[in-house]
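S.K.: got a structure for you, letters missing:
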Ligand code: LFR
């Protein structure tokens, strides 16, 4: 079969892009059609996503992409827009870093204890899980007038096609899905007062999601019909689909604003030990489970760099590479770093509180962040291994963090395992590959991964030295 072209809309917390992937039997090429910023806006009500600006970016991107055989959409998880009975959007979607969920989990746990919630949904505790957001919004006029709830990629797909659906991999981050049945957790929703009728019917990666509306074709200057294909609409589901693993014994780290570090499993792990270690069981392609930990990721550095007035990143990283290693580390899994603002002093405070030297210069703070991330990567992979009994002999790093050599090198050292870094655009590639599969161009997941491994530039980092210094640093942070 002749190669085909697919547009991948991939929205991240700091920017969106529309990429065009060309896929054939031995071909996987990705080109950028358009890139645009995603700037959250603080209104008097709180932190909001500028979703119309994002949609405008998507339309610009589709125009730049030209003729494609299909379009797929992925974005960050958990957030949503509410629509009224006419299908009109009710207000700007709330940002998951908004403070409205503070103290909300405790209220939920008063009705359904945390242990029971974990056993039923497999989801880690994160204050921003959709369930907690909906609980925080319980008394709002907006929720009272809402008839539909659409997760961010589903909202954009609705605007493009006029059809509503709820994509399953992303729905699994709401904390309202049972990972065993892969359907809604009806009993739980009822006990917690969540109206599941707000969610349109579930659809799965590969399912058709409609065709571009006539005015969308007009505005993007394309000739129809152009189908929209459901992909793993949670960006992490798409990214893991494009991990270029050639065997079974691999761990992955999806890097970007977050680091998502863990394993791909066939079944969820719902034990109490797993809950205590705060591992999540998110759904992936073909019934797989993403067993992972959320680590604050390059957000820590992005927020420092923002505070410092955007100095040159290359110079900063070069200076950080010269700083003595592992002088002080922070717990990069700590939700205390979730909110925006004052990041350098929050990091300094955390070092002071744990009795470690306080990093002063920008280079020292940057090194502290990267050491802390590498250490959190190590801890997540070690814990995932011990909680599942699964062997790991290679760590795949995908996403934007693969461009950060120091982070990749430190992660290899910390884990004591080889790291294979790449591709940087894993989410877009996974998005494209699922569309290609739905159009009969690639086979199963192993074939998709093999195609990535054969076509994309990858870089290998061998671990240096032993892991004693990392284990000592780990001890400074205490358990989990
Ligand atoms: C990464 C990601 C994570 C999710 C976080 C919030 O972009 O999708 O997987 O936990 O954003 O939605």
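M.R.: In hand now; what should we look at? This is a predicted model, so every value here is computed, not measured.
S.K.: Quick check: buried residues in the strand or helix carrying residue 135?
M.R.: Secondary structure assignment for residue 135, by DSSP states H and E: helix 130-136. Counting neighbours by 16 or more other CB atoms under 10 Å, one finds that the buried residues in helix 130-136 are 130, 131, 132, 133, 134, 135, 136. (Glycine included, C-beta is placed from N, CA and C.)
S.K.: Briefly note if that helix comes near the ligand.
M.R.: No - in terms of CB under 6 Å from any ligand atom, no part of helix 130-136 sits within range of the ligand; the closest distance is 9.5 Å.
S.K.: where does residue 350 sit relative to the ligand, distance-wise?
M.R.: For residue 350, the distance to the ligand equals 21 Å [CB to the nearest ligand atom, to the nearest Å].
S.K.: number of nearby residues for that residue?
M.R.: A count of neighbours around residue 350, defined by other CB atoms under 10 Å, yields 22.
S.K.: Then residue 207?
M.R.: Neighbour count for residue 207, taken as other CB under 10 Å: 14.
S.K.: helix, strand or coil for the residue of the stretch 201-350 of the chain found nearest the ligand?
M.R.: Closest to the ligand within the stretch 201-350 of the chain is residue 236: 3.8 Å, counting by CB to the nearest ligand atom. At residue 236, secondary structure determined by DSSP: H, G, I helix; E, B strand; the rest coil is helix.
S.K.: you'd agree it is up against residue 290?
M.R.: Yes - assessed by CB atoms under 8 Å, residue 236 is found in contact with residue 290 at 6.6 Å.
S.K.: contact partners of the helix holding residue 135?
M.R.: 78-80, 94, 96, 100-101, 104-105, 107-108, 143, 151, 173-176, 192-194 (CB atoms under 8 Å, 6 or more residues apart in numbering).
S.K.: Give me the next element, helix or strand, following it.
M.R.: helix 141-145.
S.K.: The helix or strand following that following helix pairs with which strands, and in what direction?
M.R.: Where DSSP H and E defines the elements, the next helix or strand beyond helix 141-145 is strand 148-151. According to DSSP bridges, strand 148-151 forms sheet pairs with strand 80-83 (antiparallel).
S.K.: Would you mark the buried spots in the partner strand?
M.R.: 80, 81, 82, 83.
S.K.: between the residues you listed, which is nearest the ligand?
M.R.: When the buried residues of strand 80-83 are compared against the ligand (criterion: CB to the nearest ligand atom), the nearest one is residue 80, at 10.8 Å.
S.K.: per-residue pLDDT, that closest one?
M.R.: The score at residue 80 is 98. That number is its pLDDT.
S.K.: residues touching it, list them.
M.R.: So residue 80 contacts 93, 130, 133, 149, 150, 151, 152, 155 (CB under 8 Å, 6+ apart).
S.K.: does it have beta-bridge partners, and which?
M.R.: Note on residue 80: beta-bridge partners residue 151, judged by DSSP bridges.
S.K.: Please apply the same query to residue 24.
M.R.: residue 27.
S.K.: What separation do you get for it and the ligand?
M.R.: Taken as CB to the nearest ligand atom, the span from residue 24 to the ligand is 29 Å.
S.K.: related to what we said a few turns ago, quick one: mean pLDDT over the helix holding residue 135.
M.R.: Mean predicted lDDT for helix 130-136 stands at 98.
S.K.: starting at the chain centroid, how far to that helix?
M.R.: Here the centre of helix 130-136 is set off from its chain's centre by 19 Å, with CA atoms, centre = their mean, to the nearest Å.
S.K.: go on, stretch 456-470?
M.R.: For stretch 456-470, the distance to the chain centre is 24 Å (CA atoms, centre = their mean).
S.K.: so where do the strands sit in the stretch 101-250 of the chain?
M.R.: 148-151, 166-167, 177-178, 183-184, 202-203, 208-211, 227-229, 250-255 (DSSP state E, counting those that start in this stretch).
S.K.: Residue 61: which element?
M.R.: helix 51-65.
S.K.: Just the buried residues of stretch 107-122, please?
M.R.: Here stretch 107-122 shows 108, 112, 117, 118, 120, 121, 122 as buried, counting by 16+ other CB under 10 Å.
S.K.: Pull the residues that contact that stretch.
M.R.: By CB under 8 Å, 6+ apart, stretch 107-122 touches 105, 123, 125, 131-132, 135, 175-179, 185, 188, 191-192, 268-270, 272, 274-275, 280-281, 289.
S.K.: Where is the longest helix in the protein?
M.R.: helix 362-388 (DSSP state H).
S.K.: Could you list the buried residues of that helix?
M.R.: 362-384, 387-388.
S.K.: Surely residue 340 and residue 304 touch.
M.R.: No - between residue 340 and residue 304 there is no contact under CB under 8 Å: 11.4 Å.
S.K.: between those two, which one's more packed in?
M.R.: Neighbour comparison, residue 340 and residue 304: the larger count goes to residue 304, with 22 against 16 (by other CB under 10 Å).
S.K.: who's in contact with the more buried one?
M.R.: Per CB under 8 Å, 6+ apart, neighbours of residue 304: 343, 344, 347, 362, 365, 366, 369.
S.K.: Next: residue 150.
M.R.: Residue 150 touches 80, 81, 83, 158, 164, 166, 200, counting by CB under 8 Å, 6+ apart.
S.K.: near the ligand, from those residues?
M.R.: Among these, proximity to the ligand is found for none (CB under 6 Å from any ligand atom).
S.K.: quick check, nearest of these to residue 2?
M.R.: Nearest to residue 2 out of the contacts of residue 150 is residue 158 (CB to CB; 31.4 Å).
S.K.: what's the burial count for residue 462?
M.R.: When neighbours are counted by other CB under 10 Å, residue 462 comes out with 10.
S.K.: can you pull the pLDDT of it?
M.R.: With respect to pLDDT, residue 462 has a value of 98.
S.K.: and what of residue 290?
M.R.: For residue 290, the predicted pLDDT is 98.
S.K.: what's the helix or strand for it?
M.R.: Per DSSP H and E: strand 289-295 holds residue 290.
S.K.: about what we covered before: would you show me how to pick out the buried ones of the contacts of stretch 107-122 in ChimeraX?
M.R.: Only the buried entries of those go into this ChimeraX selection, using 16+ other CB under 10 Å:
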select :105,123,125,131,132,135,175,176,177,178,179,185,188,192,268,269,270,274,275,280,281,289
